[in-house]
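Trainee: One predicted model, sequence on top.
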Amino acid sequence: MKAEILATHTPALFAEAVARAAELLGRGGIAALPTETVYGLAGNALDAAVVDRIFAAKGRPATNPVIVHVGSLDLAMECAGHWPLMAERLAAAFWPGPLTLVVLRGRRIPDRVTAGGPTVGIRWPSHPFLPAVVRACGLPLAAPSANLSNQLSPTSAAHVFKQLRDRIPLIVDGGECNVGIESTVVDVSGPVPVILRPGMIRADAIHAAAAGSDVLQSAPEPLRDGPIRSPGLMPMHYAPRAQLRCLSWSDENDLRRQLSALGADPARTWVMAHTRIPMGDGNRWPWVSVIPHDAEAFARALYSELHQADDAGVEWIIVEALPAEPEWAGIADRLLRASRR
């Protein structure tokens with residue numbers, strides 16, 4: 001089996017792809033679909049056997065829950081056992097969009113989706129395709145990232161095909177993802193909202209939408225006293241094949257000294273810079289990419305650049321250290337988890 005890729009760049013192709021995907025998912029199949037964050041591997045969230053197929057295709061551990069994707073507030077509330085006022089406030093502020101809300105799970109959500117836990121993560125994407133499929137098939141969709149477990153998330157149909165082409169029947173090409181990293185996850189199942197995974201929605205924006213309520217930031221490691229409440233909390237995640245490090249350097253000589261301390265050969269190293277750009281000739285710095293010094297543009301480019309570096313076969317990826325401002329928190333989280341070996 002090799003995955004078929006469907007285009008969506010005209011209204012007719014979009015409508016045909018929605019119909020094809022909805023038909024496949026409605027009869028228990030799985031498919032890779034675009035969202036604004038990353039591509040998701042989607043299937044009927046109400047059918048444990050279908051969710052098992054998603055886990056098998058990804059090689060995903062059973063202890064890692066998956067997010068349920070919806071196309072309306074009504075469907076989100078149907079998937080929840082309780083829809084608190086804080087969920088209502090945050091959904092009103094950020095949905096459709098790159099925010100996942102963790103709430104008490106509804107009775108129809110199988111254990112496989114939640115890793116046996118009492119809560120479920122729910123998101124209404126802003127990309128038009130997946131919500132259109134949800135409306136067409138009438139099902140909430142479990143849709144973790146459409147990649148092999150612990151590897152780089154896909155932000156294009158080509159990234160999905162590279163990893164899953166022999167494991168799934170269908171990939172819908174919705175173009176490059178315009179957010180580029182996974183959603184912000186906020187747990188609203190308790191008395192105080194907790195940001196479990198940072199993303200491109202800033203913590204101060206969440207605090208403002210929470211109408212002055214306290215908003216806590218979780219520890220960077222998964223909770224150890226029960227099931228994990230959200231994907232993306234494992235210490236190592238989002239990892240390229242190459243070793244990744246974030247470094248600061250004053251000039252090219254300083255960068256070269258730091259690479260030497262790591263045992264990294266500059267000829268086998270991909271440098272991702274945004275402020276201090278190595279400008280040597282191609283023999284000295286054969287792999288240099290320039291990422292915009294802007295958090296939103298950086299996030300859109302990040303996974304694509306990491307995929308290119310892996311495709312080039314380099315041994316090291318060096319990312320210039322990020323600014324400490326709040327808008328970079330989600331990107332910093334992904335790079336931290338990608339750098340752990």
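Mentor: Everything's here; your move. Keep in mind that what you see is a predicted model, and the values were worked out from it rather than measured.
Trainee: In contact with Arg300, which residues?
Mentor: Going by C-beta atoms under 8 Å, 6 or more residues apart in numbering, Arg300 touches Thr155, Glu176, Cys177, Asn178, Val179, Gly180. (Each C-beta comes from the backbone N, C-alpha and C, glycine too.)
Trainee: what pLDDT, on average, does the helix or strand in which it is found get?
Mentor: Per DSSP states H and E, Arg300 falls inside helix 295-312. Averaged across helix 295-312, the pLDDT comes to 96.
Trainee: How about stretch 334-341?
Mentor: Averaging pLDDT along stretch 334-341 gives 86.
Trainee: Please apply the same query to stretch 75-86.
Mentor: If you average the pLDDT over stretch 75-86, you get 97.
Trainee: Val113: what's it in contact with?
Mentor: Per C-beta under 8 Å, 6+ apart, neighbours of Val113: Ala45, Ala48, Val51, Pro65, Val66, Val68, Arg105, Val120, Ala142.
Trainee: And the next helix or strand past the helix or strand where the third one lies?
Mentor: Secondary-structure element containing Val51, defined by DSSP H and E: helix 48-58. Moving toward the C-terminus from helix 48-58, the first helix or strand encountered (DSSP H and E) is strand 68-69.
Trainee: strands paired with that following strand, and their directions?
Mentor: Here strand 68-69 has these sheet partners by DSSP bridges: strand 119-123 (parallel), strand 141-142 (antiparallel).
Trainee: sorry, back to before: tell me which residues of the helix holding Val51 come out buried.
Mentor: Residues Val50, Val51, Arg53, Ile54, Phe55, Ala57, Lys58 are the ones in helix 48-58 that count as buried (16 or more other C-beta atoms under 10 Å).
Trainee: Run through the neighbouring helices and strands of that helix.
Mentor: Where contact means 3 or more C-beta pairs under 8 Å, 6 or more residues apart in numbering; DSSP states H and E, helix 48-58 is packed against strand 40-44, helix 111-114, strand 141-142.
Trainee: and the residue most central in space within the chain, what does it touch?
Mentor: What sits nearest the mean C-alpha location of the chain, by C-alpha atoms, centre = their mean, is Glu182, with 2.6 Å. For Glu182, the contact set (C-beta under 8 Å, 6+ apart) comprises Thr37, Val38, Pro98, Ser145, Ser153, Arg197, Gly199, Pro231, Gly232, Arg334.
Trainee: go again using 7 Å as the cut-off
Mentor: Applying C-beta atoms under 7 Å, 6 or more residues apart in numbering to Glu182 gives the contacts Thr37, Val38, Ser145, Ser153, Gly199, Gly232.
Trainee: Apart from its neighbours in sequence, what residue is nearest it?
Mentor: Nearest residue to Glu182, sequence neighbours excluded (C-beta to C-beta, 6 or more residues apart in numbering): Thr37, at 5.3 Å.
Trainee: count of neighbours near the nearest residue to Gly59 once chain neighbours are set aside?
Mentor: Leaving aside its sequence neighbours, Gly59 sits nearest to Ser149 (C-beta to C-beta, 6+ apart; 4.6 Å). Residues contacting Ser149 under the criterion other C-beta atoms under 10 Å number 15.
Trainee: tell me the SS of Ser149?
Mentor: Three-state assignment for Ser149 (DSSP: H, G, I helix; E, B strand; the rest coil): coil.
Trainee: likewise Val186?
Mentor: Val186 - assigned by three-state DSSP - is strand.
Trainee: which residues does it contact?
Mentor: Leu90, Leu99, Leu101, Val102, Pro193, Val194, Ile195, Leu196, Ile206.
Trainee: Any idea what it is bridged to?
Mentor: Val186 has these beta-bridge partners by DSSP bridges: Leu101, Ile195.
Trainee: Gly106 versus that one, what's the distance?
Mentor: As for Val186, its distance to Gly106 is 18 Å (criterion: C-beta to C-beta, to the nearest Å).
Trainee: Double-check Pro84 against Val188; I have them as touching.
Mentor: Yes. If you go by C-beta atoms under 7 Å, Pro84 and Val188 touch, sitting 5.7 Å apart.
Trainee: what is in contact with the two at once?
Mentor: Shared contacts of Pro84 and Val188 (C-beta under 7 Å, 6+ apart): Val103.
Trainee: Which one's more surrounded, those two?
Mentor: Neighbours per residue (other C-beta under 10 Å) separate Pro84 from Val188, with Val188 holding more: 27 against 17.
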